[in-house]
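Trainee: Any chance you could fold what I've pasted below:
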Amino acid sequence: MTALGVRRRATVLAALAVFLVGVGMRTLPLHWTPLPYNVDGFHFAALAHRAGRTGHLSAAAQFIHPDEFVFTAYLTAVSQATGVAPLHVAQLLVAVIGTIRARRLRARVAYL
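Mentor: Residues are numbered from 1 along each chain as shown. Predicted coordinates:
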């Protein structure tokens, strides 16, 4: 294996280790409770539960912000695909999304 291949492999392993530590730290509250970490999770879980039950997102009943629409759709899709209630999958999903987003932000901002 060339020096470039070894360096690339080390970089990939380091990035994977950072990702796993980030997800581990963000899922630490799951040790105490399977419920979402903050109260926003209950709102998104309720919207996702309603969307899964009715088969569509009901934007006419209330004003839905873009972040509510996107995260509710994603939470509904993951819940439907895994068969786990949105309330119980929300914390893990937020942990993974937050870790991926933080890693990308870190790559763009040099002083972090």
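Trainee: residues near F44, how many?
Mentor: F44 has 22 neighbours, counted by other C-beta atoms under 10 Å. C-beta: built from backbone N, CA, C; applies to glycine.
Trainee: how about the CA coordinates for the helix or strand harbouring it, as CSV?
Mentor: Using DSSP states H and E, F44 falls within helix 40-54. Output of helix 40-54 as CSV, limited to C-alpha atoms (Å, rounded to 0.1, in the frame of the first residue of the first chain):
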residue,chain,number,x,y,z
ASP,A,40,-39.3,20.1,20.7
GLY,A,41,-39.0,16.3,20.1
PHE,A,42,-42.5,15.7,21.4
HIS,A,43,-43.9,18.2,18.9
PHE,A,44,-42.1,16.6,16.0
ALA,A,45,-43.0,13.2,17.2
ALA,A,46,-46.7,14.1,17.4
LEU,A,47,-46.6,15.6,13.8
ALA,A,48,-44.8,12.4,12.6
HIS,A,49,-47.3,10.2,14.4
ARG,A,50,-50.2,12.0,12.8
ALA,A,51,-48.5,11.9,9.4
GLY,A,52,-47.9,8.2,9.7
ARG,A,53,-51.5,7.5,10.8
THR,A,54,-53.1,9.7,8.0
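Trainee: Name the helix or strand of the chain that has the lowest mean pLDDT.
Mentor: helix 86-108 (a mean of 74; mean pLDDT, DSSP states H and E).
Trainee: Let me see the mean pLDDT of the next helix or strand after the helix holding F44.
Mentor: Sequence-wise, the next helix or strand downstream of helix 40-54 (DSSP H and E) is helix 66-82. For helix 66-82, mean pLDDT is 86.
Trainee: which residues touch helix 66-82?
Mentor: The contact list for helix 66-82 (C-beta atoms under 8 Å, 6 or more residues apart in numbering) reads 43-45, 47-49, 51-52, 57, 59, 64, 85-86, 89-90, 93.
Trainee: Which one (most neighbours) among the residues you listed?
Mentor: A48 (27 neighbours).
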